[in-house]
Structures are given as C-alpha cells and as structure tokens.
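Engineer: Here is the input, now give the coordinates:
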Amino acid sequence: MDPLKVVEEVLPPPPPSILPPHVVPVQYKESVNRVPMARRGLGSKGQRIKVLANHFSVTVSRTKGHFYQYSVAITYEDGTPVEAKGIGRKLLDKVQTTYHVELDKKNFAYDGEKSLFTIGALPQNKFQFTVVLDEKVSSNRNMLTGGVDDPDSPNAADKKRSKRQPRSKTYTVVITYATKIPLQAIESALQGEDSEHFQEAVRVLDIILRQHAAKRGCLLVRQSFFHNESRNFSDIGGGVHGCHGFHSSFRATQGGLSLNVDVSTTMTVHPGPVEQFLLRNQNVRSAREIDWVKAKRVLKSLRITVAPTNTEHKITGLSDKSCKQQLFSLKQRRDGKDEQSIEISVYDYFVHMKKIPLTWSADLPCINTGKPKRPVYVPLELCSLVSLQRYTKSLSSLQRASLVEKSRQGPKDRMALLTDALRTSNYNADPLLGASGVSMSNHFTKVDGRILPAPQLTVGNGMDFPPRDGRWNFNNKKLVEPATIGTWIVVNFSFRCDLRRLIQDLIRCGRVKGVIIEDPYKTFEENPQFRRSPPHVRVEKMFELIKQGLPGPPAFVLCILPDRKNSELYGPWKRKMLSEVGVPTQCIVPTKFNDQYLTNVMLKINAKMGGINSLLAVERSRLIPLVSRTATLIVGMDVSHGSPGRADVPSIAAVVSSRKWPFISSYRASVRTQPSKMEMVGCLFKKVSDTKDEGVFRELLLDFYNTSGSRKPEQIIIFRDGVSESQFSQVLNIELEQMIEACRLLDDSWSPKFMVVIAQKNHHTRFFLENATANVPPGTIVDNGICHPRNNDFYMCAHAGRIGTTRPTHYHVLYDELGFSADDLQELVHSLSYVYQRSTTAISIVAPICYAHLAAAQMSQFIKFDEISETTSSSSHGGVTSVSGVQIQDLPPLHNNVAHSMFFC
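Structural biologist: Numbers count the residues shown, from 1 in each chain. Okay, the predicted model is just below:
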C-alpha cells in the first residue's frame, strides 16, 4: 500500500471556500507565556527607619530526602464514596492509631481531603484499611431507633444499614502512592532559583500546620485556625459571633523561609437552640414571626445535635408543612402479621411512639436532615446548633461595623497576641516539622524601611501645599476645577432631616470652595402614605412627583435617604437616575452634619459633575517620571463577588481608566457582569467581526483618545486588585493578552508599552515600630528582607493608620516594558494614593483600584439578586447573556449623560 495514500485518507476535509455568515476565522498565532519579572533593584529614597514584621525566621536543616505524597480514597462498606467533609480527619486519626505498625510507625500530614504526606516512603505503595467509627461522629444515617425504614420516615436508614451495629459504622480507607517532592526545592527557591517543586514543598509544611491545629480541636479556614474558647467570641448581632483566631503560613523571603503569623477573624453562628438563633438572626420576638424561606437559606448545611441522643447531623432543609401536619408512612408489624404502612404525623410519632414531649413546635416546620428523596424530619425544639460553625452569609452594615470594631487591636496589643499565639502553638514540638528539619524563631523579623515624603498637592488659584501625616483640608482653599451646578433639586425620603439648614450650609460650603451653585429649583418630599411601600414603588412614586413639578430634567439631584446609605432605596434610586434618567445624584443620610461632613459631600458632588478637587503638583507641572512626557493611560481593575455560597449571583468586573492626559486624577469606569466567582476579567476584548470589538477596553481607549487631544496612549499602566499569587500567570497571559488584542484591532500598527502591577490587601503581613505604641507613619515602604527572593514586590503603608494596626498594601510588579526604576515606581504608587477625589486623606491603595471597587459595588445594586435567586427568569433590571451555557444577568447600561462621568465617586 502506498504510504502517501494512507496519509491522504486520514487528513481532515478542507475548509469550505465560502465561510458561513457570522463566522470569523481565527488567525494562527504562537501562544505567549509571560512570567512575573525579576526585581531590578531596591529603592533608596526616603527617610530610613527600622520596623518589625510579623514574620518569624525559619531554619531548614534538612535539605536531602523527600516528602512522599499519597492519595486517599474513603468509601462506605458498600463501596459508596464518602462525600461528607470533616469525617476524613477522624478516619485518618483512627488509621494512624490502629495501623501504626503496618505504617512503619510513620507520622503523616493529612490535608483533610484526598492527600497525605510523609517524610520518607511508607513500606508499601498501596494500603487498604478497614476503619470502624462510632456513629455519633460519623453521619446521620441512623438518627433514631424504632425500626422505621420507609424512605419518607424520620429515620430513613435502609434495611441493609439498619442491620448494622446501631452505634458504629464501617469504612474502607485506601492509601496509594502518588509522587514525591524534594526537600531541596525549598533551599533552591530561597536562593532565587526557579523551582517547580517549591510551592508543593511549602504546601506540605502548611498542611502540617493545619493538622497541628486540627489536633487541638480548632476550626480550620484555609491557613487560619480558631479555638473554641469563650474569650475568642464577640457578639456582632443577628445570631452571629466574630470568632478571633490566628493565621500561620510559610513564606519565601529574601531573608530565607519565614513563618507569617497574624490575627485572623471569621464569623460563626451562635450555638444553641435553632429557634433562638433564628429569632436573633431575623430580629423577631416569636417563632411565629420567622420568615421560613430566609430561615431555610441560612440554616442549610449547618450541623445540629438532636435531643435526647445528642447525635450530630447536617441540615438539608425544612419540611413543607408544620410538625403536626407533616405526614410520612410508617411500617409496623402487628400481632406477628406482615408489615403494614400507616400514615402518621411527625408530631404524633415523636410524642406518642417515641415518648418525647414537644411543648411548642407542633405548628412550626421541622428540620430536615435527610436527602431530597429520603427526608429525615426532626421537630425544631429538639435541635441545637453545634459550636464553631462558620456563618457564610453576607453581613448587614451594622454587623460589619460591629465586627470591625471588635476585631481591631492597636500595634502593641497585636504584637502581644501574636507572641502568645506562637508560644501556645509550640510548633517546634511538632514531630513532623521536627522530622523535616524545620525550626522557628520566636522573634519578630527586623527589616529596613523608608518613609517617602508626601507629594505636594495643588488646589485652586495655583496654591501648592504639603499634606501633614497623610491628611489635608480645604479650609481657605478652593477646588482646582470647581463645577457649575445648573438647575438642581432635592429629593427627601427622610422625615428626620433639618432640610432648610442642610441646603443653606451645603450651598455656602460649595461657594466657599468655588463651586457655582444656586438655591435648588425645588424640594420634593415623599408622601408619607408610601413610606411602607416596597423600595421600587417609593422611587417610582417620587419620580411621578418630580415629573409633575419640573419642566425638564435637572442637572443634579441631591437625595436624602431615611437611614444608612445602604438603605433598600439606594439601589433602585441609583439605577433609576444613572440608567434611565441620566442625571448625576448624591445620596446622603445627614443625621448630623458639620463643615467637614459638608466638605466631603461637596467633594463628591464636584467630581460627579466633572470638576477636579485637587491635583498632584508634579501632575500639573508635568514632572511625573515616564508619565507626564509620554501619553500614558492608567487603568484600575477589580472583580467583586456575591456572598459565599451564592452561586446564582454574578460577579461584577469593573475597569476604570484615566482621562484628560497629562492629568492622572480624573477617571471613568466600565462595568460588566460575568459568571459567579470568575476572578479573571473576561470582558476586556470581545471580537464580534474583523473590525468590531464589544469589549470594555476599546471603550476606555477611545475615551482616552477623545479627552487627551486625539492622542493614543503610548504607555498603559495596569493596577489589578484581588488576585492571588497562583493567578498571576492568568493576569499576564489572559487579561493582558485581551488588552493587547484590543489595541491591535483598533490599529494593527499601534503597539503601546504595558506595565502590570498587582495590589493585594488580603494578606497577613504587618509592620510595627520598635518600643512604640503608634503605627508606622504614612509613606512607609519595605522592599527588602521579607519580600520575595526573586520577584519584584514591595509593601507600602501610604495612609495614616489611626485605629487598629495599619495594613500595608502588597504590590507585585509582574510586567514592565516602560523601564521604571524602583524609586520612580514607588513614588508613583505613593502619589496615586493622594489623588482620591472623595476625601482629604491619603488612602491605603492606589485610587484607580478604589474607583474600580466603588464602581462595581454601586452598579451591583442595580440587580435584585434576591429575586434572581428565587426565579429562573431574569428580572426587569437588565438582559441576560449566556456564557458557556450559563445565563448571566446583564447590568442595565448607563445613560450616555453619565457614562463618562465619575458617577461612582
């Protein structure tokens, strides 16, 4: 046979000569694999200062040998995989005590799921063990006794399992060799070498820390550990506790391996009777007032104990009917005859057959601890919530404020807590860490810091001044570009506000700052009869009043809300104004107001109306290195997510960009929805034809061009928030690539230079002054000692921490085609913390990222997430887009009158 003929036969058919409509051919291109850049040097500017970091030096004396990784598979006796979380540690603890001889008396670290690690190999590559656990600590398959085996009965164990020992359950644990990880990888990485095994090796050490905490009975939340001690809990309202614990993780630094130890906080449910928790959670006085739809949502997956046996189970739902009305089929033998089924209520079963008295729950729903087709109902009054369970629903603003207030510690108190935590943890006594050759110092790491001077600011009339201690004011100062506010109105939803005085004082404040503002055209008071109506009805009724009383749309609307700013009116009002009407609006809750409050309100109004409050002096004089002389676009990106456990709530991606170059203090935003929990921004580039791109980056590029003297940006600096180190590669190779493609489609001969900087606030590094109770001063920067041994990163405390302990922002420079020196970049980042138009203080992170967060948070209010979760249809607030087969609700588009403004300010 002709071999060439064989090749021809297996070739795919040629492409059609004429492409179908709406099909865009994909051009071949080589895949790009960008990696984070190495550090080019350290900064030198600023006043030198010694600071302490909550990193504790780690010595690794053993560099030879390996961690051995084994996979773990757990099944029930009948071969069904065990899906319940939490039981794995109990089983593996039993394996270690029961089969220690077979395991050659080796200790192991178990991750709680499907992997365990040893130092040195186990005697065999595969083990199969049988483990018997007491029923009380295993599952809820045999909750009650009494021979009930009907699928709909409260005790829904099938016949096969009911024949087992009533207080025990048998499992099979299979341990199989997977791979090995060289200990040498740790030393190699600390020397700045690329080591593919370093992350795996450090992960093993972190797993050892988690196991160390688990054996002490702690709640584990990633690398944070929470002890079940009363002193660690603080009531924040709504049946929720703030639970205070500690974070511990190993970090590779320039000074070697370190252990980062910090205070950590999570939320837990109030343990005890389920009814009492629901009363607190919904702020009602009696069980008859409980909203059971909300109750079902908040209780699902929580663990309870059931009286009188105190067996532990997981809540899967609630009964549809009350305890007295909920029936099930009960099989019984009578007089030795065949089984017969009778219909009986849950109430009658417990009271008359089980002889368990029920005093108040007969007319309330039952707790369901079974499965959809095999429910297991328990009267509410027999159920109590187990302690140390995370509360994963969103907090109210009052709860958040209480949690922050009760979680903060000053620097001195925090250092004392960390010293005590390290002492009581006693990691150096852990046998696995000892066998790994790992030992830890108990002293804070001393590092070299520098204090960068605050940048000079420019206000009206060309006046320059230096901020002091990260703060300034507008006393006797005018705004750089005060706005002219034409016809404006006041809308009042509050009956507690001294409106006349508020308006007079606000006008006076604005005029002193240079804002051209007259008396409002009219004030609209809400009709009292609508105050108890749904929020969207109240908004619509107010607009009916406005239409009747105005000849045309106003230039600006001041809205007085009845209570805190996240009032239920806030979302419907903002959506109406920004999406449908196209008028800038400022919402306030002026329970008390003074000059500082009114100044802050006027700063926001001026920015929304197109004005500029202040500039950097070097911005106005065009002296910012690399930025002022070359057209530069500055971008801030953030993705915000719904509450944990709400997969029905889309994530919100916000991208903001600078405009009016050479200024870097004015921005606009573009916001889109994307699939829930998707961290990468997926809307930057969306090619729909050879010439058409519907992505947000094209929109922002065109805005820069139109506001910057018809210039295309030659340099683009991107600040990205909210990604972990494991996602850096995706930022460089997915998000950055989208932006490059957007530029290329606009003009294939145009190739701007890019810079990518990640900003992280969600980390646990803190700095302390030696022998002082105050926080480190604003402008403190650290780029040595505890920073990465290879990558280009630094920590900055741009703001003044007046309450609690200052949290630095951790900046990672992933990519730099512009050629910034360390000093110039650090000064730019520092300066961008002073261009935030909403306040008169330096902020903790660069302003573009803050604006992206504000834009995402504000536009997320446009969607009624609770309505979406309860129905499959989209709400009236926007359309629906399908992404990979998943329907994502679109945000309603902004009105063109406000789309280019700082509406989010």
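Engineer: buried sites along stretch 511-523?
Structural biologist: In terms of neighbour count (16 or more other CB atoms under 10 Å), stretch 511-523 has its buried residues at 512-515, 517, 520, 523. Every C-beta, even on glycine, is put in place using the N, C-alpha and C of the backbone.
Engineer: what does stretch 678-695 give?
Structural biologist: The neighbour-count check on stretch 678-695 (16+ other CB under 10 Å) flags 678-687, 693, 695 as buried.
Engineer: Pick the one among these closest to residue 457.
Structural biologist: Closest approach to residue 457 among the buried residues of stretch 678-695 (CB to CB): residue 681, at 31.7 Å.
Engineer: how close does the closest one sit to residue 779?
Structural biologist: Per CB to CB, to the nearest Å, residue 681 is found 31 Å from residue 779.
Engineer: now the helices for the stretch 601-750 of the chain?
Structural biologist: Taking DSSP state H, counting those that start in this stretch, the helices of the stretch 601-750 of the chain run over residues 617-620, 696-707, 728-730, 736-746.
Engineer: Generate a markdown table for those helices, with mean pLDDT as supplementary columns.
Structural biologist: Compiled in a markdown table, those are given as follows (pLDDT from 0 to 100):
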| stretch | mean pLDDT |
| --- | --- |
| helix 617-620 | 95 |
| helix 696-707 | 97 |
| helix 728-730 | 96 |
| helix 736-746 | 97 |
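Engineer: care to break this structure down by domain?
Structural biologist: Per automatic domain parsing, the domain ranges recorded for the chain read 66-140+191-270+397-445, 272-385, 482-608, 627-760+813-899.
Engineer: that older thread, residue 568: which of the helices of the stretch 601-750 of the chain is closest?
Structural biologist: Among the helices of the stretch 601-750 of the chain, the nearest to residue 568 by CB to CB is helix 696-707 (29.1 Å).
Engineer: Contacts for that closest one, please.
Structural biologist: 633, 635, 655, 657-661, 668, 670, 672, 683-685, 711-713, 738-739, 742-743, 745-746, 900 (CB atoms under 8 Å, 6 or more residues apart in numbering).
Engineer: circling back to that earlier point, so for residue 128, which of the helices of the stretch 601-750 of the chain sits nearest?
Structural biologist: Of all those, helix 728-730 comes closest under CB to CB, at 38.5 Å.
Engineer: List the buried residues in that closest one.
Structural biologist: Within helix 728-730, the residues that count as buried by 16+ other CB under 10 Å are residue 728.
Engineer: how many other residues sit next to residue 296?
Structural biologist: For residue 296, the neighbour count with other CB atoms under 10 Å is 16.
Engineer: Could you confirm it falls within a helix?
Structural biologist: Yes - secondary structure of residue 296 (DSSP: H, G, I helix; E, B strand; the rest coil): part of a helix.
Engineer: out of the buried residues of stretch 678-695, which one sits closest to residue 580?
Structural biologist: residue 683 (22.6 Å).
Engineer: Now do the same contact list for that closest one.
Structural biologist: Each residue near residue 683 by CB under 8 Å, 6+ apart is listed here: 653, 655, 672, 674, 695-696.
Engineer: Tabulate these (CSV), appending distance to residue 594.
Structural biologist: Formatted as CSV, the contacts of residue 683 follow (distance: CB to CB, whole Å):
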residue, distance to residue 594
653, 38
655, 36
672, 39
674, 42
695, 45
696, 40
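Engineer: Highest neighbour count among those?
Structural biologist: Using other CB under 10 Å as the neighbour criterion, residue 655 leads the contacts of residue 683 with 31 neighbours.
Engineer: Who are the contact partners of the residue nearest the centre of the chain?
Structural biologist: Most central in the chain under CA atoms, centre = their mean is residue 641, positioned 6.3 Å from the mean C-alpha point. Residue 641 makes contact with 649, 651-652, 676-677, according to CB under 8 Å, 6+ apart.
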